[in-house]
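Participant: I would like to see how this sequence folds:
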Amino acid sequence: METVSPLASKISGREFKLDSNQFNAKSVSFDFVDDKCIFTLKEEGKPDIRITNGINHWIREGNLKPLPHSLFSLRRIDFDSIVAASATWQDEKTLQLTWRFIETVHGDSLTCIFDDDKITLKFLFSLARLQNKPDDRPDITGKLVVQ
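Facilitator: The predicted structure is shown next:
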């Protein structure tokens, strides 16, 4: 596991426009500041969601899943929740965000795979992981917005 990827400085503060998806998620961005990764999700018709992930440690303060069907959830995680969040580089191109929803036993993982100017988001809900099954949410792809 990498502590930091050289990619962090290249993508920090940049926006990835997402392809059409069932969540109406429009874009994601990652801001790397000190030992944190601030993940921002823009969804159609909803306020932006910012989750501050500790790089290889947990951060809870200020993190909120604000609505029942937000943060890539449709039927799952049907409530708002405080979020404990951690980010770990799996390798140079793969960042895993792990979110624990404090009001429940559940959590969610978002694996972000960067390939040049493209991104792929892969999901793994805690229940699917426990049952050793794939997540039923399809991957989301996107492209870096040209500045």
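
Participant: okay, CA-based contacts and neighbour counts for the rest of this
Facilitator: Will do.

Participant: packing partners of the helix or strand of the chain with the lowest mean pLDDT?
Facilitator: The least trusted helix or strand in the chain, going by mean pLDDT, DSSP states H and E, turns out to be helix 126-130, with a mean of 71. Contact analysis of helix 126-130 by 3 or more C-alpha pairs under 8 Å, 6 or more residues apart in numbering; DSSP states H and E lists strand 107-115 as its packing neighbours.

Participant: model confidence over the strand it packs on, on average?
Facilitator: For strand 107-115, mean pLDDT rounds to 91.

Participant: quick one: the strands in the protein?
Facilitator: Assigned by DSSP state E, the chain shows strands spanning 15-18, 25-33, 36-43, 49-55, 64-65, 81-91, 94-101, 107-115, 118-125, 140-144.

Participant: can you tell me what sits against the second one?
Facilitator: Put plainly, it is strand 25-33. When contacts are defined by C-alpha atoms under 8 Å, 6 or more residues apart in numbering, strand 25-33 is touched by residues 8-9, 11-20, 37-44, 72, 142.

Participant: same thing with the first one?
Facilitator: Counting contacts by C-alpha under 8 Å, 6+ apart, the residues outside strand 15-18 that touch it are 25-30, 118-119, 140-145.

Participant: over to the longest one?
Facilitator: Residues from elsewhere that reach strand 81-91 (C-alpha under 8 Å, 6+ apart): 1-5, 36-37, 51-61, 63-66, 95-103.

Participant: let's see that with 6 Å instead.
Facilitator: 1-2, 53-60, 63-65, 95-102 (C-alpha atoms under 6 Å, 6 or more residues apart in numbering).

Participant: restricted to buried residues, select these in ChimeraX.
Facilitator: Buried residues within the contacts of strand 81-91, by 16 or more other C-alpha atoms under 10 Å, are selected in ChimeraX with:
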select :53,54,55,56,58,59,60,63,64,65,95,96,97,98,99,100,101
